[in-house]
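Student: My questions concern the predicted model and sequence given below.
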Amino acid sequence: MTSASARIDHLTTSGTFSLDGGTWEVDNNVWIVGDDTEAIVIDAAHDADAILTALDGRTLRAVVCTHAHNDHIGAAPALAAATGAPILLHPDDLPLWKHTHPGRAPDGELTDGQTLTVAGTALTVLHTPGHAPGAVCLYAPELATVFTGDTLFAGGPGATGRSFSHFPTIVDSIRDRLLTLPPDTAVRTGHGDGTTIGTEAPHLQEWITRGH
């Protein structure tokens, strides 16, 4: 099986994000990477049934969590139960995970530099703390894509105004781990429209100024 067989499917699910006593309506991007027989899901947000429909009978190899805010992991246990796939999370986000799923631990850990392979395509785990302590991005060079969760959006860094987040840390993560990727790398985000590394890179200093 060649890497050319892998493709990226996308769906948007809707629900709520809750933290620090507040709740907000949100739309989330769910990314499915694979071929006609197997796939991984990046961020099982809100609606396990919708994700199962999009999988269309493919073998799910893993439910990968870019971080453990409830809007990104809400459907993960139900999706795992329906498919037998393991839930993978960076251990630094376990405190956040336990807010949402106190009785259900993830099945495995994501570590910086780890490689996940699906449909012959490698995705490298990049630990990018800041939005959350265990936030990760997934870089798939053969697909010229990085899945950034809530670390990098079109227009700048993810939010750092709530518990477990830190603005200088997210800037360091973006500068050191993401803006070093090829400029034509597509940035597929946790919410909203995508962008490219080359589009965002010139604005780093503006973000730093804006954030202080």
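Tutor: Nice, thanks for sending it over.

Student: The closest residue to residue 5 other than its chain neighbours: what's it in contact with?
Tutor: Leaving aside its chain neighbours, residue 5 sits nearest to residue 35 (4.3 Å; criterion: C-beta to C-beta, 6 or more residues apart in numbering). Where C-beta positions appear, they are placed from N, C-alpha and C, glycine not excepted. Shown in contact with residue 35 (C-beta atoms under 8 Å, 6 or more residues apart in numbering): 1, 5, 6, 7, 58, 119, 120.

Student: Likewise for residue 101?
Tutor: Contact analysis of residue 101 by C-beta under 8 Å, 6+ apart lists 73, 76, 77.

Student: For the helix or strand bottoming out on mean pLDDT in the chain, report the contacting residues that lie outside it.
Tutor: Least confident helix or strand, the chain: helix 204-211 with a mean of 89, by mean pLDDT, DSSP states H and E. For helix 204-211, the external contacting residues (C-beta under 8 Å, 6+ apart) are 156, 157, 160, 167, 168, 171, 174, 175, 179.

Student: change it to 7 Å
Tutor: Here helix 204-211 makes contact (C-beta atoms under 7 Å, 6 or more residues apart in numbering) with 156, 157, 167, 171, 175, 179.

Student: Got a quick PyMOL command for the buried subset of those residues?
Tutor: In PyMOL syntax, the buried subset of the contacts of helix 204-211 is picked out as below (16 or more other C-beta atoms under 10 Å):
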select buried, resi 156+157+167+171+179
